[in-house]
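Engineer: Predicted model and sequence below, questions to follow.
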Amino acid sequence: MVRRNGWVRMAKKSQGKRPGKYHRKGMSLVEVVERFSTDDAAREWFEDARWGGEPACPHCGSVNVQTGAKHPSQTHRCREKGCRKFFSVTTGTAMQSTKLGLRTWAIAIYLMSTELKGRSSMKFHRDLGIGQKAAWHLAHRLREAWVDTRIGLFDGPVEIDESYFGGAKKNQPKHKQTAAKGGTAHKTAVLAIKDRKTKKVSARVIRYVNAATLQGFVKEHAKPGATVYTDGASQYRGLAGYIHSSVAHSEGEYVKGDVHTNSVESFWSMLKRGYHGVYHRISPKHLGRYAAEFAGRQNMRELDTIDQMRLLVRGLEGKRLRFTDLTADTGISSKAT
């Protein structure tokens with residue numbers, strides 16, 4: 001009877017509750033389309049999100065700027081004698097030289113910010129009415145906003161773990177299938193650290209899964225003296241300057257009091273749902289950008305939707321990712337696995 005009454009009370013308390021209602025202010029797609037009804041409306045929003053009402057020259061940094069410049073595509077001009085250059089809100093960002101309208105960019109930013117499992121270029125292609133190649137380039141430029149984002153040192157406790165992607169034997173030539181040794185052969189390693197207090201995450205692709213890389217990653221993201229939880233990998237032994245505890249997954253040990261890596265593994269769960277359910281295959285060449293996307297979205301998930309979008313816009317500043325950069329030969333496989 002108590003359980004039943006308890007259930008009734010819970011049900012009444014939750015009536016009318018919508019996802020995110022009591023935690024953050026969301027936006028519907030209808031609201032987004034109405035808000036960004038024209039390219040001019042979108043441009044005004046981008047200018048406010050980037051400059052906050054005080055345009056700054058991306059070439060020299062001066063705020064002595066002329067607005068409404070007489071130029072076919074550049075809306076501002078720097079008044080400094082040593083500069084005098086034209087620019088727009090896209091100059092000096094990953095959007096620079098785009099042929100897409102700013103309304104399209106604004107809606108794409110909304111979709112990328114709110115899709116927890118990510119959004120494929122084919123979905124962008126269909127929903128935005130743009131070419132698939134343009135959609136692929138657009139999506140990667142948005143992901144670039146989250147690459148190398150500085151979120152400060154974590155106070156801890158932190159959890160750190162690595163996971164492996166791609167390299168399925170069925171997708172490899174027969175000679176490589178035969179030569180493969182161990183479950184991680186021909187896979188790409190991604191390393192992630194998650195702060196329990198803030199729930200923020202940082203993740204990146206790593207080439208070598210060795211002590212120098214793993215311990216260096218801890219030192220790069222956690223304050224000295226912080227508590228660090230890992231699995232029983234030998235690479236973490238001798239981690240100096242931190243309070244280090246581990247659980248031996250190889251022996252079936254996953255939780256030992258406060259010691260576990262379940263929180264960072266929830267990040268892997270979300271990333272792999274996107275990997276298998278949305279993108280299906282991701283090339284090693286671009287995997288780091290996808291990892292940054294999921295970490296970036298995790299780090300801003302408690303913000304109102306419009307603030308998430310603003311944060312992504314600011315992340316685009318100082319980034320440039322041309323189509324030729326995406327397709328250039330970097331020595332890393334661009335074949336999706």
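Structural biologist: Arrived safely.

Engineer: So what pairs up with the closest residue to Cys57 other than its chain neighbours in the strands?
Structural biologist: Spatial nearest neighbour of Cys57, chain neighbours left out: Cys78 (3.9 Å); criterion: C-beta to C-beta, 6 or more residues apart in numbering. In this view, the C-beta of every residue, glycine as well, is placed from N, C-alpha and C. Beta-bridge partners of Cys78, counted by DSSP bridges, are Val65.

Engineer: Point out where the protein drops to low pLDDT.
Structural biologist: Along the chain, segments meeting pLDDT under 70 span 1-23, 167-185, 251, 253, 329-337.

Engineer: can you give me the helices for it?
Structural biologist: Taking DSSP state H as the criterion, the chain carries its helices at 2-13, 29-35, 39-51, 102-114, 121-128, 132-144, 174-179, 211-221, 262-274, 284-299, 305-316, 323-327.

Engineer: Any chance of the ones you listed in CSV with mean neighbour count as columns?
Structural biologist: Shown next, in CSV, are those (neighbours: other C-beta atoms under 10 Å):
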stretch, mean neighbour count
helix 2-13, 9
helix 29-35, 13
helix 39-51, 17
helix 102-114, 22
helix 121-128, 17
helix 132-144, 21
helix 174-179, 11
helix 211-221, 16
helix 262-274, 18
helix 284-299, 22
helix 305-316, 20
helix 323-327, 12
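
Engineer: Including distance to Met95, could the ones you listed go into CSV?
Structural biologist: Putting the helices of the chain into CSV (distance: least, C-beta to C-beta, whole Å) gives the following:
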stretch, distance to Met95
helix 2-13, 44
helix 29-35, 18
helix 39-51, 8
helix 102-114, 6
helix 121-128, 14
helix 132-144, 7
helix 174-179, 40
helix 211-221, 29
helix 262-274, 24
helix 284-299, 16
helix 305-316, 6
helix 323-327, 13
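
Engineer: Run a quick neighbour tally on the residue nearest to Cys57.
Structural biologist: 24 (other C-beta atoms under 10 Å).

Engineer: Report the contact partners of it.
Structural biologist: 57, 59-60, 62, 64-66, 84-87 (C-beta atoms under 8 Å, 6 or more residues apart in numbering).

Engineer: Give me the PyMOL select line for those residues, limited to the buried ones.
Structural biologist: Burial among the contacts of Cys78 is assessed by 16 or more other C-beta atoms under 10 Å; the matching PyMOL selection reads:
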select buried, resi 57+59+65+86+87
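
Engineer: Can you pick out the ones from the contacts of Cys78 that are in strands?
Structural biologist: Secondary structure defined by DSSP state E assigns 65-66, 86-87 of the contacts of Cys78 to strands.

Engineer: one step back: need the contacts of Cys78 in JSON lines (columns: distance to Asp258).
Structural biologist: What follows is the contacts of Cys78, written out as JSON lines (distance: C-beta to C-beta, whole Å):
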{"residue": "Cys57", "distance to Asp258": "51"}
{"residue": "His59", "distance to Asp258": "51"}
{"residue": "Cys60", "distance to Asp258": "51"}
{"residue": "Ser62", "distance to Asp258": "52"}
{"residue": "Asn64", "distance to Asp258": "55"}
{"residue": "Val65", "distance to Asp258": "53"}
{"residue": "Gln66", "distance to Asp258": "58"}
{"residue": "Arg84", "distance to Asp258": "60"}
{"residue": "Lys85", "distance to Asp258": "55"}
{"residue": "Phe86", "distance to Asp258": "57"}
{"residue": "Phe87", "distance to Asp258": "52"}
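
Engineer: between the contacts of Cys78, which is closest to Ala49?
Structural biologist: Nearest to Ala49 among those: Phe87, at 16.0 Å, using C-beta to C-beta.

Engineer: got the contact list for that closest one?
Structural biologist: By C-beta under 8 Å, 6+ apart, the residues touching Phe87 are 57-59, 74, 76-78.

Engineer: What residues does Arg35 make contact with?
Structural biologist: Applying C-beta under 8 Å, 6+ apart, we find Arg35 in contact with 27, 41, 45.

Engineer: In this structure the first one contacts Thr305, no?
Structural biologist: This points to Met27. Yes: assessed by C-beta atoms under 8 Å, Met27 is found in contact with Thr305 at 4.3 Å.

Engineer: which residues do these two both contact?
Structural biologist: What both Met27 and Thr305 touch, as defined by C-beta under 8 Å, 6+ apart, is the set Tyr110.

Engineer: if I look at Arg237, how far off is Met27?
Structural biologist: Remark: distance between Arg237 and Met27 (C-beta to C-beta, to the nearest Å) = 48 Å.

Engineer: Which one of those two is surrounded by more residues?
Structural biologist: Using other C-beta under 10 Å, the more surrounded residue of Arg237 and Met27 is Met27, with 16 against 12.

Engineer: Distance check, the more buried one against Lys223.
Structural biologist: Distance, Met27 to Lys223, using C-beta to C-beta: 35 Å.
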